[in-house]
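Engineer: got a structure for you, letters missing:
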């Protein structure tokens, strides 16, 4: 599938939850683990980038070489 293609089987549980006909099922543990890991990666990247990102890394490498 490409961009703009919607898999309706993914939407049905969300619609049922929103219209009050069914509770939204819990996500499988592997999905939760993946989502948590991705969030941790995003936060770590954000901290790294705020500290100077690639420029700071290049500067540290140059300092070690001298």
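Structural biologist: Yes, it's here. Treat the numbers as computed from the prediction; the structure is a model and nothing was measured. Numbers count the residues shown, from 1 in each chain.

Engineer: okay, CA-based contacts and neighbour counts for the rest of this
Structural biologist: Will do.

Engineer: Pull up the per-residue confidence for the residue positioned nearest the centre of the chain.
Structural biologist: Central residue of the chain (Cα atoms, centre = their mean): residue 38, 3.9 Å from the mean position. Per-residue pLDDT puts residue 38 at 95.

Engineer: after the helix or strand in which it is found, next one along is what?
Structural biologist: Using DSSP states H and E, residue 38 sits in helix 29-50. Under the assignment DSSP H and E, the closest C-terminal helix or strand after helix 29-50 is helix 53-65.

Engineer: avg pLDDT for that next one?
Structural biologist: pLDDT averaged over helix 53-65 gives 87.

Engineer: Pull the number of nearby residues for the residue nearest to residue 23 when sequence neighbours are not counted.
Structural biologist: Spatial nearest neighbour of residue 23, excluding adjacent residues (Cα to Cα, 6 or more residues apart in numbering): residue 17 at 5.2 Å. As a burial measure, residue 17 scores 14 neighbours (other Cα atoms under 10 Å).

Engineer: Give me the phi and psi for residue 17.
Structural biologist: phi -70, psi -50 (degrees, to the nearest 10).

Engineer: Do I have it right that it meets residue 25?
Structural biologist: No. Assessed by Cα atoms under 8 Å, residue 17 is found out of contact with residue 25, at 9.0 Å.
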